[in-house]
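1. give the three-dimensional model of this entry:
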Amino acid sequence: MLSAGDKAPEFKLNDQDGNQVQLSDFKGQKLVIYFYPKDQTPGCIKEACSFRDNIDAYTANNIAVLGVSIDSEKSHQNFISKQSLNFPLLADVDKVMVNSYDVWGEKSMYGRKYMGVFRKTFLVNESGVIDKIYDKVKVATHAEDVLKDWEIS
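-> Numbers count the residues shown, from 1 in each chain. The predicted structure follows:
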């Protein structure tokens, strides 16, 4: 289980356009990695749009934002297009990153158990170390909450 102070696990995944993205690409820059269950679902739309609407504050403070789910590149392209998202989404179809960040596991909805991605966010500092982990996320205000925690508004 990862904790604040741990080195963020390395990753190498494709974004929605097939470009390879890895942790080392963000050295010297703060990084928000947010994991979400599924493209185009109500909570995921709210969370993604929260980051979209606040992206200027992130980029002005040298902070990159990455969304990660197990959806395909094509699914991410559609999600980005429909919601006018302005940051990359990583396609973890083989579940490598969700496992290394420990966000894949058994979930329950309406009494039915299934495997899925937990909604969780990691704040990674310029040295690649995890500053904070959000286990509970308020989707509508999550991007603002992260900015406040990094004392940026």
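2. give the closest residue to the residue nearest in space to the middle of the chain in space, chain neighbours not counted.
-> Against the mean C-alpha coordinate of the chain, by C-alpha atoms, centre = their mean, the closest residue is Y34 at 1.8 Å. In space, and not counting its chain neighbours, Y34 is closest to T121: 4.2 Å by C-beta to C-beta, 6 or more residues apart in numbering. For the C-beta atoms, the positions are set from N, CA and C on the backbone; glycine is no exception.
3. so which helix or strand takes in the one you found?
-> Using DSSP states H and E, T121 sits in strand 120-124.
4. same for that strand, what does it pack against?
-> strand 30-35, strand 130-134, helix 142-149 (3 or more C-beta pairs under 8 Å, 6 or more residues apart in numbering; DSSP states H and E).
5. tally of neighbours for G5?
-> The number of residues packed near G5 is 8, by other C-beta atoms under 10 Å.
6. now it, what's its secondary structure?
-> Classification of G5 by DSSP: H, G, I helix; E, B strand; the rest coil places it in coil.
7. hmm, the residue nearest to the centre of the chain is touching A64, no?
-> No - with contact defined as C-beta atoms under 8 Å, Y34 does not reach A64; the gap is 11.5 Å.
8. tell me the contacts of the residue nearest to the centre of the chain?
-> Listed by C-beta atoms under 8 Å, 6 or more residues apart in numbering, the contact set of Y34 reads 47, 51, 65-68, 119-122, 137, 142.
9. so it bridges to which residues?
-> Taking DSSP bridges as the rule, Y34 bridges to G67, T121.
10. give me the pLDDT value at it.
-> pLDDT recorded at Y34 is 98.
11. same question, V137
-> Note for V137: predicted pLDDT of 92.
12. count of neighbours near the residue lying closest to it once chain neighbours are set aside?
-> Leaving aside its sequence neighbours, V137 sits nearest to R119 (C-beta to C-beta, 6+ apart; 5.1 Å). A count of nearby residues for R119, using other C-beta under 10 Å, gives 20.
13. how close does P9 sit to T59?
-> Counting by C-beta to C-beta, to the nearest Å, the gap from P9 to T59 is 24 Å.
14. ok, now K74?
-> Noted for K74: a distance of 26 Å to T59, by C-beta to C-beta.
15. can you show me the helices along this structure?
-> 42-60, 73-83, 96-100, 142-149 (DSSP state H).
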